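>>> okay, predicted coordinates and the sequence, questions at the end:
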Amino acid sequence: MSWLRRRAPTIALGVILIAVTVTAEMTHRQPSKPRASKSEAVTPVPVQTAEAKLRRLPRTVEVSGQVEPLVRAEVAPEIMGRILEMGPREGDQVSEGTVLARIDDSAAQAEVARANAMVAAARAAKSQAEAAFKIQQTQSEVRVSQAQQDLAMAQSSREEEKAQADEAVRQAESAVAAAQALVDLVKEGARKQEKAQAQERVRQAQAGLEQARAALDKARNGPRPQEVKEAEHAVAQAQSAVDQAEAALSKAREGARRQERAEADQSVILAEAQYTTAEAAHRRMKALMDAEVISKQAFEESELKLQAAKSALEVARQRTNLVHEGARTQDIQSAEAAVSQAKAAHSAALERLKLLQEGTRPEDVRMAEQQVAAAESAVEQARQHAEMLLEGPRSQEVIQAEEALRQAEAQAEIARKARDMVHAGARPEKVKQAEDAVRMAEASTEENTIRQQAVEAAQAALAQAEAAAQAANVTLAHTQVRCPYTGIVVERLADAGDMAVPGQPIVVIQPNDRFQLRCDVPEAEAKLLQTNQRIDVVIDAIGAKPLSATVVTVTPSTDASSRSSVVKLALPADPRLRSGQFGRARIPIGQRPGIVVPIAAVRRHESVTSVFVVDRGFARSRLVRIGEDRGKQIEIIAGLEGGEQVIVSDVERLVDGIPVKTGQASPRAKRAEQ
């Protein structure tokens, strides 16, 4: 009975086709001249035909499934906190990055502030450590350099000691030679030339004594009028230099005329002449002072005159430069400095004049008295030496000379021993101390390593603080829950005021243009499927035209109760697709013979499907059962045989039994037939 129920539709269709065929045949066989004559008067309708072809068609198994999103995101927060605001509602379109929810961020803000403060403190500590390291490094380098310099100086001092020891030996030997010559002189007596020289030295000593006494008288009696006049003249020259410097400064500020340039050049010439005169006088006074002919006071007066002349020359040159070149800022500054220098020279000249006017100072008198005493001592020594030469040697003098010779020889022996000890390589204490200092300075450089380690520790602390700050900023960013991709909100699982828990979804998002069909496929057919294989899918809600889907996943496991596997087919983008729609997938399992005709040959009227075939020049209607729609062609399951000609043009206007005239099929019909 079950077999009969399954075949009932096929049997009913066959009965209907047989009835229609018998009726048409009986009608055709009934002789009726009037009808024949009437049909002869009907003009055949031109039609285009195509052949019903027998082909190898894929054999498929149709399985049903449900449309679901290709991906589905259950968005959950990553931190715990109170939800302050929920964004889009269910059904709203959202784009990638849209804020779906906002969580209380007060704690996160505080943590970010604390982390930033830690970063600032770590940076400051790093800077301090680096500064301490640089200071320690500099100090160590200075210590080492200083110790090395001290060692070099100690070593060089040792060389100097050798040279000094050699020189001491030479001097001691010279002293021995001089003492030996004195002994010989005392024993032999003086020659005539030596006596004359001794008398000449006596005369020179007496002349020096007279000069010293004259200088003492001058110091006691006070300055002469000529010296006062010379001091007044020096004051006048200094005042002139001040006036010239001030004039030069004024010219530097105001500029100069042509006549002033000439005057400036002339003043330089005059100042150079005065300076040359003062310099010559100063050299002459110095020679006289060295010969102790004049006092130091007179020499100082000449020195003041020279300084005044030099200042006047410098002022004149500066004034000339200012006049010729024009005033610059540095020129004005130089002129101001020259004014200050000239005023200082003028003040010194005034002070000198004041001293001369007040009289001789006590220190000048004391110096003159000392010079007189020294001159008297020199005269006495010269007389004694001369008397000794004139009188001849005395036994006491010979003994003294020989004693001096023995002392000189002893000193020479001591100098030789000291020289031998120095050259023998005796290690001076200073060199040893310097070497010890170098070692200590080099050892102190180990502190640089400690400072360097402190810098590295500060750098590590800074890196740790920056990482903590970055983590705090990430936590702050997590207070805003964002959409992972563009799609639609399908479900909201939380509201404002709820507590967000990490890992617990609050919003469900799915894309609105990426769907798949989830089917349960029998295990026998499921094993025939391969990833990326193309499968025809019909979604009844959007039409009977099949969509070309792609196999995405074939579950390797099989359900024990249904003996089927889950297969997921990626659907092409279509705005009409919605989650939850019903669909049918045609799973190919092999090939079978089948008849196909162009889809234009099929006529659909209510629930009846038929085609027109050409039978001896007449259009005959055939009820058919159609199979899979194959695009431009459609499968005929029953009611038609291969090789029959079906009409493919104007089928909606044809009626059964109308005469037709077949013609060549159009290119469109040929393409459909192929």
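Yep, it's here. Residues are numbered from 1 along each chain as shown.
>>> CA atoms for contacts and neighbours, from now on please.
Noted.
>>> just the pLDDT at residue 495, thanks.
Listed pLDDT for residue 495 reads 90.
>>> how about it, secondary structure?
Taken by DSSP: H, G, I helix; E, B strand; the rest coil, the conformation at residue 495 corresponds to coil.
>>> quick one: neighbours of it, just the number.
Residue 495 has 16 neighbours, counted by other Cα atoms under 10 Å.
>>> right, and it touches residue 83 too?
Yes - Residue 495 sits in contact with residue 83 when judged by Cα atoms under 8 Å, with a separation of 7.3 Å.
>>> residue 338 versus the residue nearest to residue 237 when sequence neighbours are not counted, what's the distance?
Take residue 237 and drop its neighbours on the chain: the residue closest to it by Cα to Cα, 6 or more residues apart in numbering is residue 308, 6.7 Å away. For residue 308, the distance to residue 338 (Cα to Cα, to the nearest Å) stands at 12 Å.
>>> and the next helix or strand past the helix or strand the residue nearest to residue 237 falls within?
Secondary structure from DSSP states H and E places residue 308 in helix 296-325. Using DSSP H and E, the helix or strand that directly follows helix 296-325 along the chain is helix 329-358.
>>> that next one packs against which elements?
When contacts are defined as 3 or more Cα pairs under 8 Å, 6 or more residues apart in numbering; DSSP states H and E, helix 329-358 sits against helix 225-254, helix 296-325.
>>> quick check: angle from that helix to helix 225-254?
160 degrees (axes from the mean of the first three to the mean of the last three Cα atoms, to 10 degrees).
>>> now do helix 329-358, average pLDDT.
Per-residue scores along helix 329-358 average to 73.
>>> got the angle for it vs helix 296-325?
Counting by the same axes, to 10 degrees, helix 329-358 lies at 160 degrees to helix 296-325.
>>> re earlier: contacts only, for the residue nearest to residue 237.
234, 237, 238, 241, 342, 345, 346 (Cα atoms under 8 Å, 6 or more residues apart in numbering).
>>> want to throw these into a markdown table with distance to residue 164 and neighbour count?
Formatted as a markdown table, the contacts of residue 308 follow (distance: Cα to Cα, whole Å; neighbours: other Cα atoms under 10 Å):
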| residue | distance to residue 164 | neighbour count |
| --- | --- | --- |
| 234 | 49 | 27 |
| 237 | 51 | 21 |
| 238 | 50 | 28 |
| 241 | 52 | 29 |
| 342 | 48 | 29 |
| 345 | 46 | 25 |
| 346 | 49 | 23 |
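>>> check those residues and tell me the two furthest apart.
Taking Cα to Cα as the measure, the contacts of residue 308 span a maximum distance of 12.2 Å, between 234 and 342.
>>> what's the closest non-adjacent residue to residue 591?
Using Cα to Cα, 6+ apart, the closest residue to residue 591 is residue 58 (4.2 Å).
>>> which SS class is that neighbour?
Classified using three-state DSSP, residue 58 is strand.
>>> against residue 264, how distant is the nearest residue to residue 319 once chain neighbours are set aside?
Spatially, and ignoring its direct neighbours in sequence, residue 319 is nearest to residue 248 (4.6 Å; Cα to Cα, 6+ apart). As judged by Cα to Cα, residue 248 and residue 264 stand 9 Å apart.
>>> of these two, who's got more company?
Using other Cα under 10 Å, the more surrounded residue of residue 248 and residue 264 is residue 248, with 30 against 24.
>>> next one, pLDDT for that one please.
With respect to pLDDT, residue 248 scores 75.
>>> wait, it sits on residue 321?
No - contact criterion Cα under 8 Å: residue 248 and residue 321 do not qualify, at 9.4 Å.
>>> next one: the helix ranked longest in the chain to chain centre, how far?
Across the chain, the longest stretch assigned as helix under DSSP state H is helix 106-188. Helix 106-188 sits 38 Å away from the centroid of its parent chain (Cα atoms, centre = their mean, to the nearest Å).
>>> helices or strands up against whichever strand or helix holds residue 212?
Using DSSP H and E, residue 212 sits within helix 192-221. The helices and strands touching helix 192-221, judged by 3+ Cα pairs under 8 Å, 6+ apart, are helix 362-391.
>>> quick check: neighbours shared by residue 248 and residue 264?
Contact criterion Cα under 8 Å, 6+ apart; residues shared by residue 248 and residue 264: 316, 319.
>>> so residue 656 makes contact with residue 620?
Yes - at 5.1 Å, residue 656 counts as touching residue 620 under the criterion of Cα under 8 Å.
>>> between those two, which has more neighbouring residues?
residue 620 (22 against 13).
>>> what would the helix or strand where the more buried one lies look like as CSV? C-alpha coordinates only.
If you go by DSSP H and E, residue 620 is part of strand 618-623. Only the C-alpha atoms of strand 618-623 are listed here, as CSV (Å, rounded to 0.1, in the frame of the first residue of the first chain):
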residue,chain,number,x,y,z
PHE,A,618,-0.7,20.5,-36.1
ALA,A,619,0.2,21.7,-32.6
ARG,A,620,-0.7,19.1,-30.0
SER,A,621,-0.8,19.9,-26.3
ARG,A,622,1.0,17.5,-24.0
LEU,A,623,0.7,17.5,-20.2
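>>> next structured bit after it?
Remark: after strand 618-623, the chain's next helix or strand is strand 625-630, criterion DSSP H and E.
>>> what sits against the closest residue to residue 547 other than its chain neighbours?
The shortest distance from residue 547 to any non-neighbouring residue, by Cα to Cα, 6+ apart, is to residue 537 (5.0 Å). Residues near residue 537 by Cα under 8 Å, 6+ apart: 546, 547, 548, 549, 583, 584, 585, 586.
>>> now the residues you listed as JSON lines including secondary structure?
Output for those, formatted as JSON lines (three-state DSSP):
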{"residue": "546", "secondary structure": "coil"}
{"residue": "547", "secondary structure": "strand"}
{"residue": "548", "secondary structure": "strand"}
{"residue": "549", "secondary structure": "strand"}
{"residue": "583", "secondary structure": "strand"}
{"residue": "584", "secondary structure": "strand"}
{"residue": "585", "secondary structure": "strand"}
{"residue": "586", "secondary structure": "strand"}
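>>> cheers, nothing more for now.
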